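> Just a sequence and a predicted model for now, questions to come.
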Amino acid sequence: MLLRKEREQVVEYGKKLLDTGLVTGTFGNISIYNPDSNLMAISPSGMDYYKTEPEDVVVLTPEGEKVDGAAKPSSEYDMHRVFYLHRPDVRAVVHTHSTFATTLACMNWSVPAVHYGIAYAGKEIPCAPYVPFGTWELAVAAEKAVGDGFACLLGNHGMVAVGNSISYAFDTAQQVEFVSEMYYRCKSIGEPALVPEAQIEAVMKIFQTYRQR
């Protein structure tokens with residue numbers, strides 16, 4: 001099977017999305033890029049994560065050409081492939097509609113360094129403006145917001161996290177949700193004290209070698 005390992009990981013981490021509460025129902029999507037074959041494996045559109053088999057996972061080129069898989073790819077495949085086209089360090093993308101990250105995205109708020117866990121994403125978690133889902137324009141907006149970091153909120157939509165492995169991208173998605181919840185809770189009672197930028201930069205260096213394999 002073409003990209004067997006990557007397709008099996010998409011299935012595995014799709015179930016983790018549900019198990020950790022990062023998605024509801026069939027929303028959200030995952031992809032993994034294999035640089036040797038220059039192909040990406042992406043979750044199929046609208047399929048139950050617990051019923052998805054590796055054969056259902058779709059294989060595309062970074063240009064969006066379908067190579068293998070009978071199912072339809074996620075409607076957000078552009079938002080995945082844009083990173084593989086322009087970020088050589090990115091090997092996986094996780095997109096979710098997790099509760100607190102999406103709450104802040106609906107406020108169009110970026111998240112400052114309220115907790116050191118934000119260093120998984122960067123110095124902050126920026127929020128991209130609202131753009132209709134499933135469009136190339138959304139992909140461009142997400143890429144611009146992420147910049148050289150690893151995550152952003154998507155205005156009135158959700159969040160996206162990237163990494164040099166599916167493990168790191170998934171960890172980042174979890175940390176984005178955690179930090180978003182902390183920011184939400186802090187803002188409900190006052191203004192949070194922020195971690196100094198120099199301290200966040202130090203943690204960022206540590207996280208780049210933490211749990212990436």
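Okay, I see it.
> which residues touch residue 161?
Residues near residue 161 by CB atoms under 8 Å, 6 or more residues apart in numbering: 93-96, 120-121, 150-151, 169-170, 172-173, 176. (Each C-beta comes from the backbone N, C-alpha and C, glycine too.)
> For those, give me a markdown table that also has neighbour count, distance to residue 57 and secondary structure.
Output for these, formatted as a markdown table (neighbours: other CB atoms under 10 Å; distance: CB to CB, whole Å; DSSP: H, G, I helix; E, B strand; the rest coil):
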| residue | neighbour count | distance to residue 57 | secondary structure |
| --- | --- | --- | --- |
| 93 | 30 | 14 | strand |
| 94 | 32 | 14 | strand |
| 95 | 28 | 15 | strand |
| 96 | 27 | 18 | strand |
| 120 | 28 | 25 | helix |
| 121 | 26 | 26 | coil |
| 150 | 29 | 23 | coil |
| 151 | 28 | 23 | strand |
| 169 | 28 | 16 | helix |
| 170 | 24 | 16 | helix |
| 172 | 27 | 21 | helix |
| 173 | 33 | 18 | helix |
| 176 | 30 | 24 | helix |
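> Max pairwise distance over the residues you listed: which two?
Across the contacts of residue 161, no pair lies farther apart than 95 and 120, at 15.8 Å, counting by CB to CB.
> which SS class is residue 191?
Secondary structure assignment for residue 191 (DSSP: H, G, I helix; E, B strand; the rest coil): coil.
> Show me the strands in the protein, by range?
Ranges of strands in the chain, per DSSP state E, are 29-34, 39-42, 58-60, 66-68, 92-96, 127-128, 151-154, 158-163.
> ok now the first one, how far from the chain's centre?
Distance of strand 29-34 from the chain centroid (CA atoms, centre = their mean, to the nearest Å) equals 10 Å.
> what mean pLDDT does that strand have?
Strand 29-34 carries an average pLDDT of 98.
> If you count contacts, what does that strand end up packed against?
Where contact means 3 or more CB pairs under 8 Å, 6 or more residues apart in numbering; DSSP states H and E, strand 29-34 is packed against helix 4-19, strand 39-42, helix 77-86, strand 92-96.
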